[in-house]
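>>> Just need the structure, nothing else, for what follows:
(2 chains)
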Number of protein chains: 2
Amino acid sequence: MNKQEKLALVESALEDFYGNQQFASSLREAVLYSIHAGGKRIRPYLLLEVLDSLQVPITQEHAQVAAALEMIHTGSLIHDDLPAMDNDDFRRGRLTNHKVYGEALAILAGDALFLDPYALIAQANLPSQTKVDLISNLSLASGSMGMVAGQVLDMEGEGQQLSLEELQTIHANKTGKLLAFPFQAAGIIAGLDENLQRQLKTVGELIGLAFQVRDDVLDVTASFEEIGKTPQKDLQAEKSTYPALLGLDQAIAFCNQTLDQANAKLEEISQVVSFDKEPIVKIVESLRING
Amino acid sequence: MNKQEKLALVESALEDFYGNQQFASSLREAVLYSIHAGGKRIRPYLLLEVLDSLQVPITQEHAQVAAALEMIHTGSLIHDDLPAMDNDDFRRGRLTNHKVYGEALAILAGDALFLDPYALIAQANLPSQTKVDLISNLSLASGSMGMVAGQVLDMEGEGQQLSLEELQTIHANKTGKLLAFPFQAAGIIAGLDENLQRQLKTVGELIGLAFQVRDDVLDVTASFEEIGKTPQKDLQAEKSTYPALLGLDQAIAFCNQTLDQANAKLEEISQVVSFDKEPIVKIVESLRING
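Predicted coordinates for the structure are as follows:
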């Protein structure tokens, strides 16, 4: 199954869930506005790609799990953009949710995207224990021991001089855990033992870290057209970033070294389980910054 | 097990989940502020009480499911009170979450309370299929097909002349589904067939409806001291209410008739399954308004 086919399955799963709801049409509209805001679907794509690499035939059920993950990510973007949070007017070149639908509906659209995905997974045609493991880990990755905690730490770190370690803790939670989840989830669905699940998860964590460093670097170097949002927001918000902490060249090197580690871990995994690492290596390489 | 022992089990489950978290202490503090804001724990108490009536020995696992339900309810109160929503400064006689912790942290505390409870249920020591059924129904009751949809409809109905049917649809979703969940959840945990689960759920829906009518009536008739929040907020917000639509006396009668129906349904259930309905009837009667 090629990338387009995988992404089409994810779109179907999202559309099936939100397309046919009978009431609160404004809520559906607000939710779908952000769902269809042109995100690259990197998290759901990673899940299906890793499954594919593990030789698991991809089905609709897997796309539902991937869609659930994308729902939580999308909800977090809506809340992140709110006036009380990052106060962003644009995301990916379009108005943010609250600029179109107002703050109240944007808050509720985010809430729905946090509460709904668990029913989507629970109703998927997968073994009960698999669903319980997926739900447990998705919840831990996104709530007060994951993404939300990271957002709090990030907010509290504004205007402060953070150490590299503090910065990594913030990002490991804020973005890392939801980027590691697709790797872990693929391991759960494929029925791998816990040790291999953990190793796959580590690859995801490394990619998540590189992703964040890259984001920080692009915030400094790219234009509005290139990243689809107001550049240099981090600077304005006095956020600690990798370029600010390490210098631009060292930040780029750090990103690329982290990607090297991810590749090494992929090689390790492919030694012990039937795993075609090349498609994942390709994704890793797409994050490399040519300094 | 008496009421106090049941409630103590729920407090332990909440404390175990949030008490020992290692980082983002401000998030934990904000979450616990609202968790400990003096709510009556009616939803978790109902779950354990119905289980007890079904002769299921109550354990820590059941308290964890009850705690998960209370977490979602608490999250919804935090978001409801936000300036962009109801803009309430007080709840239960104390400052609302955002008045103490600021809007950003209040939004994130609510988010955590929506995302965390699924891990709590998933990790409970219950059969996998039971957990999947509980999670599926809790998610449906709270997300875009339940509570959140009800909040959107409620918001959109402000300043409009709603029919009794429209008002009931709003409340069935906004508050009814989370009040019906403990009845359904007890049926799931007790292993009752789907028909009996549905009958129990209907009792919950009726209690939920009566609860809302009562709330509307108290908003008109009670003082700040009696209800712990600013009275006549509904009137100020130009919300359709049962007293406004039916008149005060008819609204009180409607509340009490709904409670009669709940009692009749409890009697029906007790004819076909081993079920001690008296403690639940007592709860029903506690909602009766003496007109």
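
>>> what are the ranges of the helices in the stretch 51-200 of chain A?
Applying DSSP state H, counting those that start in this stretch to the stretch 51-200 of chain A gives helices spanning A:60-80, A:97-101, A:103-115, A:117-122, A:128-142, A:147-157, A:164-171, A:177-189, A:194-221.

>>> Could you export those as a markdown table, including mean neighbour count and distance to chain B?
Any C-beta I mention is one placed from the backbone N, CA and C, and that applies to glycine too. As requested, those are exported to a markdown table (neighbours: other Cβ atoms under 10 Å in any protein chain shown; distance: least, Cβ to the nearest Cβ, whole Å):
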| stretch | mean neighbour count | distance to chain B |
| --- | --- | --- |
| helix A:60-80 | 25 | 6 |
| helix A:97-101 | 21 | 8 |
| helix A:103-115 | 27 | 4 |
| helix A:117-122 | 26 | 4 |
| helix A:128-142 | 23 | 4 |
| helix A:147-157 | 24 | 4 |
| helix A:164-171 | 18 | 7 |
| helix A:177-189 | 26 | 11 |
| helix A:194-221 | 21 | 15 |
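
>>> Which among those is found nearest to B:D81?
Proximity to B:D81 (Cβ to Cβ) singles out helix A:103-115 among the helices of the stretch 51-200 of chain A, at 11.3 Å.

>>> still on that earlier bit, if we compare the helices of the stretch 51-200 of chain A, which one ends up closest to B:I283?
The closest of the helices of the stretch 51-200 of chain A to B:I283 is helix A:103-115. By Cβ to Cβ, the value is 26.3 Å.

>>> could you dump the helices of the stretch 51-200 of chain A to CSV with mean pLDDT?
Supplementary listing: these in CSV, determined by pLDDT from 0 to 100:
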stretch, mean pLDDT
helix A:60-80, 98
helix A:97-101, 98
helix A:103-115, 98
helix A:117-122, 98
helix A:128-142, 98
helix A:147-157, 95
helix A:164-171, 94
helix A:177-189, 97
helix A:194-221, 93
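
>>> Columns distance to A:S274 on top of these, output as a markdown table?
Below are those laid out as a markdown table (distance: least, Cβ to Cβ, whole Å):
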| stretch | distance to A:S274 |
| --- | --- |
| helix A:60-80 | 18 |
| helix A:97-101 | 42 |
| helix A:103-115 | 35 |
| helix A:117-122 | 26 |
| helix A:128-142 | 19 |
| helix A:147-157 | 32 |
| helix A:164-171 | 32 |
| helix A:177-189 | 13 |
| helix A:194-221 | 11 |
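
>>> For A:F23, which of the ones you listed is the nearest?
helix A:103-115 (12.7 Å).

>>> packing partners for the closest one?
helix A:25-35, helix A:60-80, helix A:97-101, helix B:60-80, helix B:103-115, helix B:147-157 (3 or more Cβ pairs under 8 Å, 6 or more residues apart in numbering or on different chains; DSSP states H and E).

>>> out of the helices of the stretch 51-200 of chain A, which comes closest to B:L140?
helix A:117-122 (5.0 Å).

>>> Who are the packing partners of the closest one?
helix A:60-80, helix A:128-142, helix B:128-142.

>>> Reformat those helices as TSV; add distance to B:K265.
Shown next, in TSV, are these (distance: least, Cβ to Cβ, whole Å):
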stretch	distance to B:K265
helix A:60-80	35
helix A:128-142	30
helix B:128-142	19
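
>>> Which pLDDT value does the model give A:Q22?
Model confidence at A:Q22, expressed as pLDDT, equals 69.

>>> A:N173 now?
pLDDT for A:N173: 95.

>>> Let me see the contact set for it.
A:145-147, A:149-150, A:153, B:23-24 (Cβ atoms under 8 Å, 6 or more residues apart in numbering or on different chains).

>>> Now the spatially closest residue to A:S53 that is not a sequence neighbour. Its backbone dihedrals?
Using Cβ to Cβ, 6 or more residues apart in numbering or on different chains and skipping the chain neighbours, the partner closest in space to A:S53 is A:D276 (4.7 Å). Backbone torsions for A:D276, taken as degrees, to the nearest 10, come to phi -90, psi 100.

>>> ok, the closest residue to A:D154 other than its chain neighbours to B:D16 distance?
Excluding its sequence neighbours, the residue lying closest to A:D154 (Cβ to Cβ, 6+ apart) is A:I170, at 5.0 Å. For A:I170, the distance to B:D16 equals 26 Å [Cβ to Cβ, to the nearest Å].

>>> try A:L51
Distance from A:L51 to B:D16, by Cβ to Cβ: 34 Å.

>>> Compare those two and say which one has the larger neighbour count.
Neighbour totals were compared for A:L51 and B:D16, and A:L51 leads with 24 against 14 (other Cβ atoms under 10 Å in any protein chain shown).

>>> residues in contact with that one?
Listed by Cβ under 8 Å, 6+ apart, the contact set of A:L51 reads A:58, A:62, A:186, A:189-190.

>>> what's the spacing between it and A:T59?
9 Å.

>>> list residues touching both of those two?
Common contacts of A:L51 and A:T59, defined by Cβ under 8 Å, 6+ apart, are absent altogether.
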